[in-house]
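A.B. asks: my questions are about this predicted structure, shown below with the sequence.
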Amino acid sequence: MATDHIIWQAEPKLTRPVLLAGFTGWNDAGDASSAALRTMIESWGAEALGEINPQLFTDFATVRPQVKLDEDKRRSIVWPTVGIWSASLPGTDVILVLGPEPALQWRLFTEQIVGLAEGFGATMAITLGALLADVPHSRPVPLIGTATDDSLIDRFELQRSEYEGPTGIVGVLHDALQEAGLATASLWAAVPGYASQIPSPKAAMALVERACSMIGTPAPLSKLALGAAEYDSQVAALIGDDDDMVEYLSRLEQITDDNSEDDLSSVEPIDPDSLVQEVEQFLRDRGTD
């Protein structure tokens, strides 16, 4: 598989690495998946391996380049690229991919990542994503892990995805990697829809913890843990003066508690169908559109 559009910056020697990937945009509610990848890259001191040339894949009218000034006030343009990093960790080597979701030529784009995985002999790929949902910020983050490979489902207690509908680059990438014969898993954190404008280090922390448990390496959580406490305060302040939102949150908490296992300290997926039905009934009872 070709990697013609990767601009290489290093040639590390990696042993059977795991590929970790996430993208900003449609798949990144609350900036959770991008924050999770960025935390791992920074905490692990990952080496820049290369970047995917953005010229063929990015709509620069949507994802704008940035103007930067150096110490002498000289201007330069920083282009929005999908970066690639590598790190050797206790337990495994990893390749990390992070950047904006491409707007154009998704098949050609995914060929670059498939070629990257094949070139380094990757054994597994894990993508990180986050979505908006009717979940309370005051409870553990619902995290859903899916796969189509039976061995991964059994080994990591994942679910078999039965989703049908619109997808982003994460779904397209999974399809391409699976066609190439690579086992893949997808981790999704649920972010409260009523706090969509607030970045969620709490959801990012859940993604980092689960991904690291799957690849068998310690999770770098300290920085995100500090932000998680502040996040709870920010969201509480956002809804504190809105009686309707306070009542709505109380109802979500009750639904979540009713659908949770006895041990709420663990991050477990909730029953989305049950939750949606309960919330819809609550809104109907209030006469809310």
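C.D. replies: Yes, it's here. Numbering: from 1, shown residues only.
A.B. asks: CA atoms for contacts and neighbours, from now on please.
C.D. replies: Will do.
A.B. asks: quick check: buried residues in stretch 9-25?
C.D. replies: 14, 17-25 (16 or more other C-alpha atoms under 10 Å).
A.B. asks: could you do stretch 139-157 as well?
C.D. replies: Across stretch 139-157, burial judged by 16+ other C-alpha under 10 Å covers 140-148, 152-153.
A.B. asks: any idea how far that stretch is from the chain center?
C.D. replies: Averaging C-alpha positions (C-alpha atoms, centre = their mean, to the nearest Å) puts stretch 139-157 14 Å from its chain's average.
A.B. asks: same check, this time on stretch 40-50
C.D. replies: When distances are taken as C-alpha atoms, centre = their mean, stretch 40-50 is centred 17 Å away from the chain's centroid.
A.B. asks: show the end-to-end separation of it, please.
C.D. replies: Stretch 40-50 has an end-to-end distance of 17 Å (C-alpha to C-alpha, to the nearest Å).
A.B. asks: show residues contacting it.
C.D. replies: The contact list for stretch 40-50, computed with C-alpha atoms under 8 Å, 6 or more residues apart in numbering, reads 6-12, 83-87, 89, 96, 208, 220.
A.B. asks: least confident pick among those residues?
C.D. replies: The member of the contacts of stretch 40-50 with the lowest pLDDT is Glu11, at 89.
A.B. asks: residues in contact with that residue?
C.D. replies: Listed by C-alpha under 8 Å, 6+ apart, the contact set of Glu11 reads Leu49.
A.B. asks: of the buried residues of stretch 9-25, which is the nearest to Leu116?
C.D. replies: Leu19 (9.2 Å; C-alpha to C-alpha).
A.B. asks: that closest one and Ala122 touch, don't they?
C.D. replies: Yes: taking contacts as C-alpha atoms under 8 Å, Leu19 lies within contact range of Ala122: 6.5 Å.
A.B. asks: tell me which of the buried residues of stretch 139-157 fall in helices.
C.D. replies: Among the buried residues of stretch 139-157, the members found in helices (DSSP state H) are 152-153.
A.B. asks: show me which pair in the buried residues of stretch 139-157 is furthest apart.
C.D. replies: Taking C-alpha to C-alpha, no two of those sit farther apart than Pro140 and Thr148, at 25.8 Å.
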